[in-house]
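structure for the following, please:
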Amino acid sequence: QREKKKKLGEALLFPAPAMSLYTVKGLCVLDNDGQRVICKYYDNTYPTIKEQRQFEKSLFQKTQRSNSEIVMFDGITCVYRSNVDLFFYVFGSISENELLLGSVLNALFDSISMVLRDVVEKSALCSRMDAALLIVDELIDNGIVMESDPAVLARSATTSHKEDVPLSEQTLSQALNTAGGILRRSLLT
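Residues are numbered from 1 along each chain as shown. You can find the predicted model right below:
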């Protein structure tokens, strides 16, 4: 009887954290000056643009010279990665699982890398901003992780892009792929 009361008392002192599908508070891609390239917030932790910019500034200052991949401050757990002139951030609540946030970060970075053909830098990202924003939308919906496979994310972002590009503006390999697809369809009918 005493053991049951003791365990009940321990459970009240150390309650289990509430489980939720809303795991991501936001993500940011900042340039090497700490300026916003892509940022999306999924809750009201930072409701105004001014508060968001202040958060991004302090986040960048904390991480620009750091060698770690995770930082915790202001009630936020943030995982990040840098490449050439970009910093990629995914953040959640202080009690959020770092491995989950890390897998979201890796999916974001890897899918953007696939779309940009491994040239992950600011100029290339800005030239394919439509695909990058599609990746962000497919990856997370209102704080819920929807897809974490980089190949699926990259495919969904590039499929719609290929259909919109006129044949005259496609690269040679894109034009050959398009011509091959048309030829296969005509042979099958």
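
contacts for the helix or strand encompassing Leu133, please.
In this assignment (DSSP states H and E), Leu133 forms part of helix 129-139. With contacts defined as Cβ atoms under 8 Å, 6 or more residues apart in numbering, helix 129-139 is touched by 27, 29, 38, 40, 104, 107-108, 111-112, 115, 125, 145-148, 152-154, 156-158, 160-161. Heads up, the C-betas are built off the backbone N, CA and C, glycines and all.

next step: those residues restricted to helices.
Using DSSP state H, the subset of the contacts of helix 129-139 located in helices is 104, 107-108, 111-112, 115, 125, 152-154, 156-158, 160-161.

can you pull the pLDDT of the closest residue to Gly75 other than its chain neighbours?
Spatially, and ignoring its direct neighbours in sequence, Gly75 is nearest to Ile94 (5.0 Å; Cβ to Cβ, 6 or more residues apart in numbering). Predicted confidence (pLDDT) at Ile94: the value is 87.

that older thread, filter the contacts of helix 129-139 to the buried ones?
By neighbour count, with 16 or more other Cβ atoms under 10 Å, the contacts of helix 129-139 hold 27, 29, 38, 104, 107-108, 111-112, 115, 125, 145, 148, 153-154, 156-158 as buried.

excluding chain neighbours, what is closest to Gln54?
Nearest one to Gln54, counting by Cβ to Cβ, 6+ apart, is Tyr46 at 8.0 Å.

so who does that neighbour touch?
Gly26, Gln52, Gln54, Phe55.

check the offset of the helix holding Leu133 from the chain's centre.
Centroid separation for helix 129-139 versus its chain: 9 Å, with Cα atoms, centre = their mean, to the nearest Å.

how many other residues sit next to Arg117?
Other residues near Arg117 come to 9 when the count uses other Cβ atoms under 10 Å.

and it, that one's in a helix?
No: the assignment for Arg117 (DSSP: H, G, I helix; E, B strand; the rest coil) gives coil, which keeps it out of a helix.

relative to Asp149, how far out is it?
Separation of Arg117 from Asp149 (Cβ to Cβ, to the nearest Å) stands at 18 Å.

can you list the weak-confidence ranges in the chain?
The chain contains residues with pLDDT under 70 at 1-19, 160-175, 177, 181, 184-186, 188-189.

this completes my enquiry, with thanks.
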